[in-house]
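Asks: What follows is a predicted structure for the sequence shown.
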Amino acid sequence: MKPLTLSRLFLQCTILGAILFCVMVLALKFGAIHVSLYGLGRDLLRVFLGQSKQISSEYSLIVLNIRLPRILLAVFVGASLSIAGTSFQALLRNPLADPYVLGVSSGAAVGSILALLVEPHLALAPEIAAVFTPLGGFLGAVVAITAVYFLGRREGRIDSNTLLLGGVITASLLSALIALLLTALPSSNFRGMTYWLMGELSAVPSRPLAWVLRVGFLIAAAVIYMTASDLNLLLSGEKEAMHLGVDVRRVRIVVYVAASALTGLAVAMSGSIGYVGLLVPHVMRMIFGSDHRILIPASAFGGAIALVIADTLARTIAAPSELPVGAITAIAGAPLFIYLLRRRLA
Amino acid sequence: MTAATRSSSRNAANASHAANEPRLSVEQVSYAHAPNPQQAPIFTLEATSFQVKAGEVVAILGPNASGKSTLLQIISGALQPLSGRVLLNGFVTHDLEPRIRGQRIAMVQQESQLLFPSKAWEFVMQGRHPYGKSLRFETDQDVVIAKNALAQVGAEHLSDRWMDQISGGEKQRVILARALAQQPLLLLLDEPTLHLDIGAQVDLLETLHRLARENRYSVVVVTHELNLVGEYADQVVLLQKGKCLRVGAPAAVYQRDLLEQVFQTQLSVEMGSNGRPRVNILPGT
């Protein structure tokens, strides 16, 4: 009998954090332009020591202004999608649930596109205009998860199969809606939007937007983490959790909203990147067990690591041209998804 | 008389007073269930009343769809009755804050499905959840309580086994241990013997009877096992189609005509040497 302790949690998170750091450094090295590991280490040290002026401007542009923001965005998106996936899996009692499968990502995409279409027609203050798209993404995600939740209920209970089917149908309906909306966009935007929909991480958030992303992520992730022990009990069903002292209604609303916020922010920045939210929690569960007090931070680190690797592959496989990272995660994720599905059916 | 003996005799007096007072009081509770508000209710539970003292085992008996599980859910506070109320030590169970309710009432459901398998001790540790706040890590005291709970149901050896790799009877013990880890006043069980073989059924009822006496739990159990109830229950609540037909000691409730009418089968009732009734089903008569 070895219950989770704070020191064990801290140790495991430190190890994952160290792995993430190494992966990020390697991701800074790889790309269309060659950068030596030695040069990278020397220059990173200079940045830490406040001597960034000594770094050559070309180098600084590539590594610090192009690669680094992109890697940081991958960390943010990967962690967000994985935390959202972990939450949805516990809340809906369905190991195959994630923002992408449930249509929440599509909902966020529709919301973001609508916001993009509407924004020029509204005379918004620049600060609000900057965060208008993520707000649209969040609202789209909330509407989609609400719809899927009610589609998945039968006689007052969540039915796993109906729920997944509801998610698939919602996602396909929303995809059709996205196709219609795209035709309304000016043709110059069309290729960019299509690329964005497949999932890509090249967008560099403006300063106010970067703050919204950071604060939004921290609040939503913290709110979900505060319900970690409640989520552990919800795995045994809502009734059981209620009899063990969980305020099921409160936890449900709080986690749905927070997980939708994470999905909405991630999708608004990077389009719908599939499979990260589904598979990372599974892999982490195999390693760390299903206690959400460790599973949630582990998934956040795992998602960040996975997406930084996937994006580095997307940047380097066909360099100098770039592949959408959503395609990489789907190619790697789909076979694993089928494996899990078959194992569950067996 | 010394101060110490005065205090102990006062405690004893309080204890005996508390023992005579009912701990759980089900007062004229009724319920109606309709799939949607426009339709007439498809199921109703008519006014039902009974009381349970500390250390008592009460069984709710009746054929399928007679309202047993509904009554249990109302007692647990999960369902709000249409009329009447359920009091546990003077507090309305439905109005209790979820965490407080989890500290006072433990429920063992018909089946406890696990989405992702956990070890038996992790499962039992869930019973300590009502005593913690959001992110609290289990204390040494929680570990001791969980170990004791497993020991009380004779399942210490299962502690490190996976829940999906133990037998139905063993699983039921671990589920019961989780309920004990809640340190409740009231222990509710919904058909706990459902998937158990006869040996495990007797074992479970014996354990419940012993725990009720030793730990002063009030136990309410829904079951179909007439003979086990006759042997181990202090009181029986007999339901049929949402009506409470009789409340009383098994010997008083187990009357041949009544049981035959309720369960729609021929049977005989005889008194054992210990004053407990035995029911024999008479097939084909």
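Replies: Everything's here; your move. Numbers count the residues shown, from 1 in each chain, chains lettered A, B, ... in the order given.
Asks: How about the contacts made by the residue in chain B that chain A sits nearest to?
Replies: Chain B approaches chain A most closely through B:Gly102 (2.6 Å), counting by C-beta to the nearest C-beta. Every residue, glycine included, has its C-beta placed from N, CA and C. With contact taken as C-beta atoms under 8 Å, 6 or more residues apart in numbering or on different chains, B:Gly102 is in contact with A:243-246, B:129-130, B:182.
Asks: hmm, 6 Å instead?
Replies: Contact partners of B:Gly102, counting by C-beta atoms under 6 Å, 6 or more residues apart in numbering or on different chains, are A:244-245, B:130.
Asks: Doesn't B:Ile60 belong to a strand?
Replies: Yes - assessed by DSSP: H, G, I helix; E, B strand; the rest coil, B:Ile60 belongs to a strand.
Asks: how many neighbours does it have?
Replies: By other C-beta atoms under 10 Å in any protein chain shown, 29 other residues sit near B:Ile60.
Asks: quick one, what contacts it?
Replies: Going by C-beta under 6 Å, 6+ apart, B:Ile60 touches B:68, B:222, B:237.
Asks: could you measure it against B:Gln240, distance?
Replies: 12 Å (C-beta to C-beta, to the nearest Å).
Asks: any idea of the mean pLDDT for stretch B:233-244?
Replies: Averaged over stretch B:233-244, pLDDT sits at 91.
Asks: how about that stretch: buried residues?
Replies: Within stretch B:233-244, the residues that count as buried by 16 or more other C-beta atoms under 10 Å in any protein chain shown are B:233-240, B:242, B:244.
Asks: same check, this time on stretch A:279-288
Replies: Neighbour-count burial for stretch A:279-288, counted by 16+ other C-beta under 10 Å, picks out A:279-285, A:288.
Asks: Which residues outside it are in contact with it?
Replies: Stretch A:279-288 has contacts (C-beta under 6 Å, 6+ apart) with A:82, A:85-86, A:89, A:294-295, A:298-299, A:302-303, A:306, A:333, A:336.
Asks: How far does the one helix or strand B:Gln141 maps to sit from its chain's centre?
Replies: Assigned by DSSP states H and E, B:Gln141 belongs to helix B:140-152. With C-alpha atoms, centre = their mean, to the nearest Å as the basis, helix B:140-152 stands 21 Å off its chain's centre.
Asks: Quick one, which of the contacts of stretch A:279-288 are buried?
Replies: A:82, A:85-86, A:89, A:294-295, A:298-299, A:302-303, A:306, A:333.
Asks: Identify the farthest-apart pair in those.
Replies: Within the buried ones among the contacts of stretch A:279-288, two members stand farthest from each other by C-beta to C-beta: A:Ile294 and A:Gly333, at 23.0 Å.
Asks: any idea which of the buried residues of stretch A:279-288 is closest to A:Ala210?
Replies: Nearest to A:Ala210 among the buried residues of stretch A:279-288, counting by C-beta to C-beta, is A:Val280 at 23.6 Å.
Asks: pLDDT value on that closest one, please?
Replies: 93.
Asks: Can you give me the distance of it to A:Gly78?
Replies: 8 Å.
Asks: list residues touching both of those two?
Replies: Common contacts of A:Val280 and A:Gly78 (C-beta under 6 Å, 6+ apart): A:303, A:306.
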